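K.L.:
I would like to see how this sequence folds:
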Amino acid sequence: MMTMIAVIFVLCYAAIALEHPLRINKSAIALIAAGLMWSLYSFASPLGVHGVSEQLSEKLAETAAIIFFLICAMTIVEVTDSHGGFEVITSRIKATKLTSLLWIIGFISFFLSAILDNMTTTIVMVALVKRLLKERNQRIFFAGIIVIAANAGGAWTPIGDVTTTMLWIGGQITTGNIMKGLFIASMVNMVVPLIIASFMLKGSVVPPEKTENSRDKNTQFEKNLMFFMGMGCLIFVPVFKAVTGLPPYLGILLSLGVLWLVGELLHRNKRVEDFEHLTLARALKRIDMASVVFFIGILLAVATLSANGMLPALAKWLDVKLGNQSLIVIVIGLVSAVVDNIPLVAASMGMYPLKDFPADSFIWEFMAYCAGTGGSILIIGSAAGVAAMGLEKIEFFWYARRIGPLALIGYFSGVAAYIVQYNLFH
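P.N.:
I've put the predicted structure just below:
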């Protein structure tokens, strides 16, 4: 039965990758995978239906926390965009060449991800690029680079990537040391793909055509207010988590409520038909719910592999077969491009107890880098990639062909940089 679960996951994963040739929406496949895998697990598990139900409730709570966060972040970005808030940034970007714009977008994504997180940064930056580039082929290439830069930027701070946050909360890493230890490796992970991509891009920036729309009717004060409110709401989330210790989704729900209130107060003296398109209620209708549903399905499907012990077993098998810590962590990073890095890191935290591997050991810092950046190699290997996939309808194989090799080169360049740095200073 466990073999059947693995087979279903592989088949459904292949169907997701082949979404465009098959012409079957990946969200449907992901939901089918989650339903079948949990159903089979309930029949095969020695815990019985009650025990599996408890596991499912636990995994659902973890998934719901991510989904709430995703919906709120997408809504905040949508409201900011509908008010023309991103013009605060786009009006200041004067790059005329695609290569110059590429470096600007890459560095903004890298440092913004360190403050926010990789998924939120990707949502913000993809929306920003839509304001800068007319050609879709150029936009999706930039979206791929944003995924690489956001994952690299998220790896070197405790709040930038969920796996780094897990290690931070678990006591495996400390704030100062992880930032000092991974900054160079993460920067190399982004810069090397940018250098290569610079030779691939030719031509000038062609902005979208100016059309008369709702955002042109907003005053500069409204644009500035909603931009800084939107960004402030997103930046508030890690601060909320650090101060209260409560989950990030509660912080972003609070932020969304505040933004909603500000929007209502801002437009309350206008006629309803003049501001209805700017409200949070309308923004909720515009976000891509199909991508949200896909996220629910794929996270619950992968959660089955964690609940039934397959992922922890994989980690232990790697420990036996490879032996070398560096090699194990590198492989875990590569595997995270295929399956979710969260259960992989969780399994690794269980494999290596703190009494034997104290905080800020080589394995934990290296794990934060590899698990945080390895997901860039495939588009469904990270939350940032899944968000970009939904926002720009990026094909799996297009990403694997055009962006995957860049991410892979960046990944191993960062690996080399970290190992050299560690050997020099330890």
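
K.L.:
ok, longest helix in this structure?
P.N.:
Longest helix in the chain by number of residues (criterion: DSSP state H): helix 48-82.

K.L.:
who are the packing partners of that helix?
P.N.:
With contacts taken as 3 or more CB pairs under 8 Å, 6 or more residues apart in numbering; DSSP states H and E, helix 48-82 sits against helix 26-44, helix 118-130, helix 220-244, helix 248-267, helix 280-286, helix 289-307, helix 383-392. No exception for glycine: its C-beta is placed from N, CA and C like everyone else's.

K.L.:
ok, the residue lying closest to Lys97 once chain neighbours are set aside - how many residues close by?
P.N.:
What sits nearest to Lys97 in space, not counting adjacent residues and going by CB to CB, 6 or more residues apart in numbering, is Ser204, at 6.0 Å. Neighbour count for Ser204, taken as other CB atoms under 10 Å: 10.

K.L.:
equivalent analysis for Asn224, please.
P.N.:
Neighbour number of Asn224 under other CB under 10 Å is 16.

K.L.:
now do the contacts for the spatially closest residue to it that is not a sequence neighbour.
P.N.:
Spatially, and ignoring its direct neighbours in sequence, Asn224 is nearest to Val88 (6.0 Å; CB to CB, 6+ apart). Going by CB atoms under 8 Å, 6 or more residues apart in numbering, Val88 touches Lys223, Asn224, Phe227, Phe228.

K.L.:
make TSV out of the residues you listed and add distance to Val147 and pLDDT.
P.N.:
Shown next, in TSV, are the contacts of Val88 (distance: CB to CB, whole Å; pLDDT from 0 to 100):
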residue	distance to Val147	pLDDT
Lys223	27	86
Asn224	29	88
Phe227	23	87
Phe228	26	90
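
K.L.:
are any of those buried, and which?
P.N.:
Lys223, Asn224, Phe227 (16 or more other CB atoms under 10 Å).

K.L.:
just to check, the last one is in contact with Ser82?
P.N.:
Yep, that's Phe227 we're talking about. No. Contact criterion CB atoms under 8 Å: Phe227 and Ser82 do not qualify, at 11.5 Å.

K.L.:
overlap in contacts of the two?
P.N.:
Joint contacts of Phe227 and Ser82 (CB under 8 Å, 6+ apart) do not exist.

K.L.:
and which of the buried ones among the contacts of Val88 is nearest to Ser45?
P.N.:
Phe227 (49.6 Å; CB to CB).

K.L.:
where's the closest one relative to Phe240, distance?
P.N.:
To Phe240, Phe227 is 20 Å away according to CB to CB, to the nearest Å.

K.L.:
run through who's touching stretch 188-208.
P.N.:
Counting by CB under 8 Å, 6+ apart, 95-99, 101-103, 106, 110, 130-135, 141, 145, 148-149, 152-153, 155, 369, 373, 406-407, 409-411, 413-414, 416-417 sit against stretch 188-208.

K.L.:
could you find the closest non-adjacent residue to Gly251?
P.N.:
Distance criterion CB to CB, 6+ apart; nearest residue to Gly251, sequence neighbours excluded, is Phe240 at 3.4 Å.
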